[in-house]
Every structure is written in C-alpha cells, then in structure tokens.
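Chemist: Sequence below, structure please.
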Amino acid sequence: MPLIKPFAGLRPAPGRASDVAAPPYDVMSAQEARRMVTGRPHSFLHISRPEVDLPEDTDPYAPQVYAKARENLDRMRSEGVLIRDPAPCYYVYRLTRGEHMQTGLVAVASVAAYEADRIKKHELTRPVKEDDRVRQIDALDAQTGPVFLVYKHTAAIDDILAAVSTSAPAIDIRAQDGVRHELRVVDDDATIERLSTACEQLDGLYVADGHHRSAAAARVAATRKAVNPNHTGDESYNYFLSVIFPHDRMQILDYNRVVKDLHGLEAETFMDRLRPSFKVEPSPMPVAPARHAEFGMYLDGAWYRLTLDARRIPRKDPVGRLDVSLLQDNVIRPILGISDPRLDDRIGFVGGSRGLDWLAAQVDAGDMAVAFSLYPTPMEDLMAVADAGKMMPPKSTWFEPKLADGLVSHLLD
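Modeler: All right, here's what the predicted structure looks like:
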C-alpha cells in the first residue's frame, strides 16, 4: 500500500472559500463557536461543531449532534457550496503569517502505514475525544479535519511544492486572525506521479498534530474492513486526510502551564522547595524563556526566571530531557502533587499564542495560583521521541499557524 495517494477532494465552490473556511474545531469553546457562525450559514463550523445549531444545553457528544453534522454537510453539498473534484488530485496548501510561510501537500495517508509505525506518533490519546472523532467520521462518511503530518525535508518534494506554488491558487483567503490560506490543485498526471514517487521514498512521516483524528480513522477503517467481505485495501476508508509539511518550516510556540493551587503550601514555602533544583531570579518583565531548561514563573503578582540545575537534565532520555518533562518532574509532580497532567483538573495548558500577559491575568484574577512559561519544544526533539517509539507528555507542542477546516475534505465512498 502506498504511503500516501491523491484523492477526489470535497472543497468550496469557486468564490465560496471565505464563506466556508473555519478555525479547527478544537481550538474554541462552544460559546465562541456560536458567536463565529452568527451571520455565516455556510461556515464549516456547522459541520465540525454542529451543536451551534442545537439548544445550548445539548450534550456535544449526543447522537443528534452527529446527525446535525451530516444534515449540514448534505445541505451544503446540495446547495452547491461544497463540490467534489471529478478525479483524484493532490493539493498544495500554503500558510502565511507575517514573515513566516510554510507550504505542504494535502493527500490521504495510509492507515496501514500508520499502524506499522511508518507514520509515527508521539502522543497518547484521550478515549472520549477519540470516540467523538470516530462517531463524527461514521456519521459524515467523511474525514473533515486533516491530520498535520511532517516529513524530514527533502529537495525532491520541496522543489515540486515550490514549483506548483508559482501557479494561481484555486483558493486564496485571509482569515480573521490574519493568516493567509492558499490552496492549489495538482491534477496533472506527471506531477502527481512525481509527488507520489518522492513521498514513497521517505522513511516515514510524523504526526505533528491530530493524534485523535488519525487514531479514529484507523478504528473506522478496522470496523469497515471487518464488515466488508470484498475488502481489497483500496477503499477510501483505508486512508486518512492529511496535510504534510517539511519539518524545517514548522513554527512551534510555547505550551505553557497554569495550576489552580500550591498543593497546600504557602508561597514562601513553595519558593523554598524550588531552590534546591533551580536558580530563582526575580524579573521586572514577563519571562519568555530563551533556552532549554529555563522557565518563567508568575506568582503573587511577580515574575521569576527559573534555571534548572544542569545536573538534573537526563540528556540521554529523549522524553525526560524535554522542557515539559523537566517542569513536570521537578515541580508539577514532586511539589504541586500532580502526577498525571492528562487527568488532573488542577492543571491547565495554554498555547503560546495567548501571550504571557494572559498567563499573569489568570493568576491575578484568582483563577490560578501560579503560571509557568516554557521554551518551545524543537521539532527535532519531537522526531527523536517518535523515532525512539516513546510518547511525549500531554500538551508538549503548539503549532502555529493553524490549518483551516473546510478547505478540503475526504469522502469515504
């Protein structure tokens, strides 16, 4: 089975992309989603967050939510807002924010390669979120949220993407957050063949973001295979929607932590517990760590710079040496008493796009007791963990800019 292949995408009709495009379904609250669809009957949020069209007290995992998603998808297709390409294509997707630009390939990736670890994971999933994506795919007979994959950059692929990007885009929109989204269709056989050949020569791909979507796609594929006596492996359910970028163009922001209480400690005692492991320095300014093993901390209205003793860094352990692990192993677990950050509601995770002032505001408002800013996880560290067959701690990476939902979907025939 090929690592990736082209597919006949479902996408906005000419001139409708700005009506359809929406932020990823999981970066907003239900209230924010409801505000975003006001006056936008064709926003893709009506499919990715269909509870916006149901009473506010509706359980987001209720059967009627998934039924509404299918109803909205069928409506937008029947109205001609979403149309399907007549033949399999690749798509080149370019994101631009300020001076940063990254160009990737939209394709469907092999579930078999995912299960064989040729598409490598680095993060555990939460059952409730994975179950939600399974029900959504089954209800829609489609994958609408792309999995964000990365390849170790290679000129054979990069050069083709760059050449395609000189042509006029089929979609060129600027989202409310200022990010420019461009989509180009690759429908000529020669370029499709060149891309397929170049990608097949890769050792593998890495899941950067979308572990729940890829795991759900694999579960749906297994279920449909089991009930299909004529299964061949070529069926569309054997692949999942992906956008694949070169690793050296990724922009990873900090993924910060806030904690509700000091685990019964007074602030002074908490500070004393830090000093055996960290050099603790007051800072007149918010602290954005400039290097590995350096952290910012906001406590009682003041910022501090924490520098971990180098002897406490397990440099040969690809997981243990991550900054998120160093904070967990030296502060969050032993001092604040949070053993499993995936399950403990005393800890919160804040993407770096929120900014340091937002962290401080949570503490000043009394919602949180302490906030920590972290140095962003390098892409090379993510790949090292995946190559070692290990899992990163939850909420280790925050990728920006985000992909838009609705620009291309993969139908399961």
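
Chemist: Could you break the protein into its assigned domains?
Modeler: The record's domain split for the chain, according to automatic domain parsing, is 4-251+400-411, 255-375.

Chemist: Quick one: closest of those domains to residue 387.
Modeler: With Cβ to Cβ as the measure, domain 4-251+400-411 is the member of the domains of the chain nearest residue 387 (7.0 Å). Where C-beta positions appear, they are placed from N, C-alpha and C, glycine not excepted.

Chemist: The closest one: how far from the chain's middle?
Modeler: 11 Å (Cα atoms, centre = their mean, to the nearest Å).

Chemist: what lines up beside the longest strand along the chain in the sheet?
Modeler: As assigned by DSSP state E, the longest strand anywhere in the chain is strand 100-110. Strand pairing for strand 100-110, determined by DSSP bridges: strand 4-5 (antiparallel), strand 90-97 (antiparallel), strand 239-246 (antiparallel).

Chemist: Spit out the contact partners of the spatially most central residue of the chain.
Modeler: Residue closest to the average C-alpha location in the chain (Cα atoms, centre = their mean): residue 209, at 3.3 Å. By Cβ atoms under 8 Å, 6 or more residues apart in numbering, the residues touching residue 209 are 147, 148, 397, 399.

Chemist: Give me the buried subset of these.
Modeler: By neighbour count, with 16 or more other Cβ atoms under 10 Å, the contacts of residue 209 hold 147, 148, 397, 399 as buried.

Chemist: pLDDT of stretch 133-153, averaged?
Modeler: If you average the pLDDT over stretch 133-153, you get 96.

Chemist: and the domains of the chain as JSON lines, adding distance to residue 382?
Modeler: As requested, the domains of the chain are arranged in JSON lines below (distance: least, Cβ to Cβ, whole Å):
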{"stretch": "domain 4-251+400-411", "distance to residue 382": "6"}
{"stretch": "domain 255-375", "distance to residue 382": "9"}
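
Chemist: Let's verify residue 380: helix, strand, or coil?
Modeler: Assigned with DSSP: H, G, I helix; E, B strand; the rest coil, residue 380 falls in the helix class.

Chemist: circling back to that earlier point, and the buried ones among the contacts of residue 209, which of them are in helices?
Modeler: Using DSSP state H, the subset of the buried ones among the contacts of residue 209 located in helices is empty.

Chemist: What is the most widely separated pair among the contacts of residue 209?
Modeler: Farthest apart among the contacts of residue 209 by Cβ to Cβ are 147 and 397. That separation is 14.2 Å.

Chemist: Which parts of the stretch 101-250 of the chain are helices?
Modeler: All helices of the stretch 101-250 of the chain, identified by DSSP state H, counting those that start in this stretch, fall at 111-115, 127-140, 155-164, 189-200, 211-226.
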